[in-house]
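> pasting the sequence and the predicted coordinates here, then a few questions.
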There are 2 protein chains.
Amino acid sequence: MRYAHKIMNTITLQPIGRIHSPFTKPEDMPIQPAAARGMSGSVELFPEFTDGLQDLDGFSHIYLIYYFHLSRGYNLKVIPFLDTIRRGLFSTRAPKRPNQIGLSIVKLIDIKGNRIDIEDVDIIDGTPLLDVKPYVPEMDAPDNCRIGWMTPFKSQIKKIKSDKRFAADNSD
Amino acid sequence: MRYAHKIMNTITLQPIGRIHSPFTKPEDMPIQPAAARGMSGSVELFPEFTDGLQDLDGFSHIYLIYYFHLSRGYNLKVIPFLDTIRRGLFSTRAPKRPNQIGLSIVKLIDIKGNRIDIEDVDIIDGTPLLDVKPYVPEMDAPDNCRIGWMTPFKSQIKKIKSDKRFAADNSD
């Protein structure tokens, strides 16, 4: 019974493409697209999904949802890049998570066939792509936001680079 | 060889909790949180993840990443709720996608133990939760956005309700 229950709750996904970027090692990556301003990359959809890209070129920004394929394991408390204090994992964007799902907003530059040229990329080269969605400020940009422990680091968010803390061979 | 390749590319996830909302049927749901303004719900994390919620209560808004468990199959061209013209799937937020991953920004009201009280919920009751991330405008709110085919529907985005188009028993 318990085994059957487990199976039922397992979700199986297949990548729909790959993300290409100048970043081949986690330690050189900007931690968020805002810090990756101008960095060029591309999204290569597997050819069978090309038709789904129609009409996307009218959008200036898109969400990429992807799989942190280099992350292994996680801790529920982590010291984020920005901080020196241990924080609850879900209050951070650290890649080591129970489900290693990454989310970035990137600038859409052009679409040619199954390839989307993008800018402001903060994603490691070869990352498996799970989904693409249009970014719509009317849905996605709430007003009057508070950002908790990140408040004192507001001005650094757009500048800071990652370090080796979340590299594949590092257990923390 | 081909089989082994397929297996290697399969990504397996386990839900980390459930989302609770007043919506029990897809046809009554608002299509986005902006249209769900004020609707109360909650996120129940499985108890083993509770420690990861520390520090999250300082954030006013959070991303919920979840699995559209009622969706079956997909088409690469769909007629979106807002429109009467068939659009490329990846230029829409339709729940029937190759990987049925949903993304919503909701208002965080309170955290008690493993429960997050939320508002502006556009998610069906019982939806499996995959991840929680803090919403940070400095990372997540780009300027000068264009929204392509959605432009003429800008004022409707915050009001429109979904219909049965994406219900579980509907093939389109």
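Yes, it's here.

> so for the longest strand along chain A, what gets flagged as buried?
Taking DSSP state E as the assignment, the strand of chain A that covers the most residues is strand A:101-112. The neighbour-count check on strand A:101-112 (16 or more other CB atoms under 10 Å in any protein chain shown) flags A:I101, A:G102, A:L103, A:S104, A:I105, A:V106, A:K107, A:L108, A:I111 as buried. For every residue, glycine as well, the C-beta is placed using N, CA and C.

> repeat that for stretch A:85-100.
Residues A:87-100 are the ones in stretch A:85-100 that count as buried (16+ other CB under 10 Å).

> could you dump these to CSV with distance to B:S60, pLDDT and secondary structure?
Output for the buried residues of stretch A:85-100, formatted as CSV (distance: CB to CB, whole Å; pLDDT from 0 to 100; DSSP: H, G, I helix; E, B strand; the rest coil):
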residue, distance to B:S60, pLDDT, secondary structure
A:R87, 17, 97, strand
A:G88, 16, 98, strand
A:L89, 19, 98, helix
A:F90, 15, 98, helix
A:S91, 12, 97, helix
A:T92, 16, 96, coil
A:R93, 16, 93, coil
A:A94, 20, 93, coil
A:P95, 24, 93, coil
A:K96, 25, 95, coil
A:R97, 21, 97, coil
A:P98, 24, 97, coil
A:N99, 24, 97, coil
A:Q100, 26, 96, coil
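
> sorry, back to before: beyond the longest strand of chain A, next helix or strand please.
strand A:115-119 (DSSP states H and E).

> which parts of that next one are buried?
Within strand A:115-119, the residues that count as buried by 16+ other CB under 10 Å are A:R115, A:I116, A:I118, A:E119.

> output stretch A:145-153 as CSV - backbone C-alpha positions only.
The C-alpha coordinates for stretch A:145-153 follow below in CSV (Å, rounded to 0.1, in the frame of the first residue of the first chain):
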residue,chain,number,x,y,z
CYS,A,145,6.2,44.1,-2.1
ARG,A,146,8.2,43.4,1.1
ILE,A,147,11.4,41.2,0.7
GLY,A,148,12.1,40.2,4.3
TRP,A,149,15.8,39.3,5.0
MET,A,150,16.8,40.6,1.5
THR,A,151,15.8,44.2,2.3
PRO,A,152,19.3,45.3,3.4
PHE,A,153,20.8,43.7,0.2
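
> re earlier: could I get the buried residues of strand A:101-112 as CSV with pLDDT?
Compiled in CSV, the buried residues of strand A:101-112 are given as follows (pLDDT from 0 to 100):
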residue, pLDDT
A:I101, 97
A:G102, 96
A:L103, 96
A:S104, 95
A:I105, 95
A:V106, 95
A:K107, 95
A:L108, 97
A:I111, 98
